[in-house]
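In: I'll drop the sequence and a predicted model, then ask my questions.
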Amino acid sequence: METFSHFLDGTGFLSLTWGNLIMLIIGILFISLAIIKDYEPLLLVPIGFGILVGNIPPVAGMALSVYDDGSVLRYIYYGVSQGIYPPLIFLGIGAMTDFSAMLSNPKLVLLGAAAQIGIFLTLIGALALGFTPQEAGAIGIIGGADGPTAIFLSSKLAPHLLGSIAIAAYSYMALVPVIQPPIMKLLTSREERLIRMPPPRAVGKRERIIFPVGAFLICAMIAPGSMVLIGMLFFGNLLKESLVTDRLANTARNAMIDIVTILLGFSVGASTSAGHFLTAQSILIFALGAISFCIATAGGVLFAKFMNLFLKEKINPLVGAAGVSAVPDSARVVHNMGQKEDPGNFLLMHAMAPNVSGVIGSAIGAGVLWTVLVK
């Protein structure tokens, strides 16, 4: 009986709190959204299941969670806490990204830059709410809608907020098809949504090879703090465009990025134990992240409308919403919305230009914030 009593004391049922129960429901919700609604399943399924794992009540004397020394989960989470996984994901993104759309119409890069306004306005808002400059910088980067960048910067500036910021960033990335369309429709007229843009010009092989080398040197000189993320992004792209390293490019954009995504998503989810995650500060971070994402979307759309005041060849303002770096979901949302208004209007390739420039812009923004705010 004593052994049986000891066994009962070690089960999770007796130690389960309301906070754990809420987080378990959130984990199941994430998995359901991924499977039923197809919202970023490659991210939400690992994160959702990780949330379930992270909210099983601990047993005294056993190292089980990401916060326990000697725990297996802690070793997996090391890649998150030290910012190791994000650059590897950027390598895979670079190996699967085609920058031709951006190179064929360079002025669309400005839309990706304009969307980064969400980062800096949210930073100011977080400062006004009492967050430290380092915390505010880590929170602001959520507006870039780039989960790996948010994790990387948080690990450097505010590691104690890493779990909340990572979950917020990936949640809003998954909800791009829900959040962006109402903002896009509100800020544009039907006449603007019907604008057709000419097909992008063909970009030669030499141009595609020179771009990652030249762009890396320029970006790294402007913001040395972005060197790791930008370097891996453009290195992956060079592997793809050189056409002599197909095996490496295929490994980077398939097996490697899949493995890292599994480890990153699962360990981030496992870090959201109720005691660390269900706090007023986390709720505030979620709210600021939503505002940041909405501002970034609006910034891209409004800047496209501003550019049209000076351009003879008009830009469809919907394309500006793709300036956030949720690749390629934002570009698909833009394309689908354009198709609803005019089935013959194909905006996908045009939207990919600000979309991929948004990836670069958020990484540079993170590098600038790290440089300025590092203690």
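Out: The structure has been received and is ready for your questions.

In: what are the boundaries of the helices in the stretch 251-375 of the chain?
Out: If you assign secondary structure with DSSP state H, counting those that start in this stretch, the helices in the stretch 251-375 of the chain sit at 257-270, 274-277, 280-308, 329-341, 348-373.

In: so for the shortest one, mean pLDDT?
Out: What it means is helix 274-277. The predicted model assigns helix 274-277 a mean pLDDT of 82.

In: check which residues of it are buried.
Out: When neighbours are counted by 16 or more other Cβ atoms under 10 Å, the buried residues of helix 274-277 are found to be 274, 276-277. In short, each C-beta sits where N, CA and C put it, glycine included.

In: next one: stretch 320-340
Out: Under the neighbour-count criterion of 16+ other Cβ under 10 Å, stretch 320-340 has 320-335, 337-338 buried.

In: what of stretch 61-69?
Out: Residues 64-67 are the ones in stretch 61-69 that count as buried (16+ other Cβ under 10 Å).

In: which residues are in contact with Ala114?
Out: Contact analysis of Ala114 by Cβ atoms under 8 Å, 6 or more residues apart in numbering lists 299-300, 302-304, 320, 323.

In: actually Met256, sorry about that
Out: 88, 91-92.

In: and stretch 72-82, what's buried?
Out: Of all the residues in stretch 72-82, those buried under the rule 16+ other Cβ under 10 Å are 73-74, 76-77, 79-81.

In: hmm, who's touching it?
Out: Contacting residues not belonging to stretch 72-82 are listed as 53, 63-68, 84-85, 151, 155, 159, 162, 166, 260, 263-264, 266-268, 270-271 [Cβ under 8 Å, 6+ apart].

In: can you flag the buried ones in those residues?
Out: Members of those classed as buried by 16+ other Cβ under 10 Å are 53, 64-67, 84-85, 151, 155, 159, 162, 166, 260, 263-264, 266-268, 270-271.

In: just to revisit the earlier point, between the buried residues of helix 274-277, which is nearest Phe293?
Out: Distance ranking of the buried residues of helix 274-277 against Phe293, using Cβ to Cβ, places Phe277 first at 19.7 Å.

In: so what's the closest one up against?
Out: When contacts are counted by Cβ under 8 Å, 6+ apart, Phe277 touches 23, 163-164, 167, 271.

In: one more pass at 10 Å, please.
Out: Applying Cβ atoms under 10 Å, 6 or more residues apart in numbering, one finds that Phe277 lies in contact with 19, 22-23, 26, 51, 54-55, 163-164, 167, 271, 283.

In: identify the farthest-apart pair in those.
Out: Across these, the two members that end up farthest from each other (Cβ to Cβ) are Gly54 and Ile283, 17.9 Å apart.

In: the more surrounded of those two?
Out: Here Gly54 and Ile283 are set side by side on neighbour count (other Cβ atoms under 10 Å), and the busier one is Gly54, at 29 against 12.

In: model confidence score at the residue lying closest to that one once chain neighbours are set aside, please.
Out: By the measure of Cβ to Cβ, 6 or more residues apart in numbering, the closest residue to Gly54 outside its immediate chain neighbours is Ala270, 3.9 Å from it. At Ala270 the predicted local distance difference test score is 92.

In: could you do Ala101 as well?
Out: Taken from the predicted model, the pLDDT recorded for Ala101 is 88.
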